[in-house]
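Enquirer: Test case, fold it:
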Amino acid sequence: MTRLGPVYTLAAGAVMAVALGVASATTSPTTQTVNAQDDVPAPVAQATTEASPAPEPEAVKTARPTPAKVDYAGRVTGNGGLIAISIRNGKAVGYFCDGKIEAWMKGKAADGKVTLSGRGNASLTAQLGGGRAAGTLGFGGRKWSFKAPTVKKPSGLYRATALVRGAEVRAGWIYLDDGTRVGLTLVGDEVADVPIPEPGENAVVNGVEVDPQDVDEFIEGF
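Expert: Numbering: from 1, shown residues only. Next comes the predicted model:
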C-alpha cells in the first residue's frame, strides 16, 4: 500500500496539467488577421459635366448726345436759300426760305438726329454733332443738302404772326452770323414787300409794326 502512493500522486499531477491546458485553450482570445485593403471603400464614380460657356452679353446701344437747347443756321447747297433749325428739350422746329418760297417744319430731336416735316411734303433729316447740323432738305419734289453751324443770338430764327387791317400776317426770318439774312412775309396768302428788320426789331406791315418772336417765345405753341 505504501508503494502505490507516489504513482497516484504523479497520475493526479498529470491529470491536473492536462486540465489546465484545456482551460487555457478555451479562455484565450481568438486573433483574426484582416487584410487592410478590405477596409478601404471603393471609390465613388463622379459625374464629370462640362460647364457650358456663359452667354456673351448683348451689345448695349449708346444713345448719341442731343443738345437740350441749340440753334443752327446755314446755307442750303444748290438753291440759294437758308435753313434754320432750333431744338428745345427734344422738340425741334425748322424753317427754309429763299426769299420767294418758304417751308415751316416741326418734329423731334433725339439720339443725335433731328427729323422734321411740314406742309407741301416738306421734310428734313439731319445728324447733329461737331457743332453743326448736316443733312437733307426735301421740298416741292426736290432735295438739297445743307450744313448749318450753331449760331447765337441775335442770329438764328424769328417768326411773327399778327392780324393787320383784318388780314392775317405770317412772317419768318433767318439771320446768319456773317450778316446774311433772308425772310418772307405773307399777308393772307400773298407775298408782301416788307423789308427784313434788324434782329430783334419790329417789322412794318402796311404801316403797322409787327413784333418778331425768337424761338423761345413761339416754339411751345408751334
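
Enquirer: quick check: domain ranges of this structure?
Expert: Following automatic domain parsing, the chain resolves into domains at 69-149, 156-221.

Enquirer: what about the first one, how long is it end to end?
Expert: This stretch, domain 69-149, spans 14 Å end to end (C-alpha to C-alpha, to the nearest Å).

Enquirer: same question, the shortest one
Expert: With C-alpha to C-alpha as the measure, the first residue of domain 156-221 is 18 Å from its last.

Enquirer: Where do the helices of this structure begin and end?
Expert: 5-27, 215-218 (DSSP state H).

Enquirer: Which one of those helices has the poorest average confidence?
Expert: Set side by side, the helices of the chain give their lowest mean pLDDT on helix 5-27, at a mean of 38.

Enquirer: Output the lowest mean pLDDT helix or strand found in the chain.
Expert: When each helix and strand of the chain is scored by mean pLDDT, DSSP states H and E, helix 5-27 comes last, with a mean of 38.

Enquirer: ok, now which ones touch Pro212?
Expert: With contact taken as C-beta atoms under 8 Å, 6 or more residues apart in numbering, Pro212 is in contact with Tyr158, Arg159, Ala160, Ala171, Trp173, Pro197, Gly200, Glu201, Asn202, Ala203. From N, CA and C alone the C-beta is placed, and that goes for glycine too.

Enquirer: ok so, going back, so which of the domains of the chain is the most packed in?
Expert: domain 69-149 (a mean of 18; mean count of other C-beta atoms under 10 Å).

Enquirer: Could you give the average pLDDT over it?
Expert: Domain 69-149 comes out at a mean pLDDT of 97.
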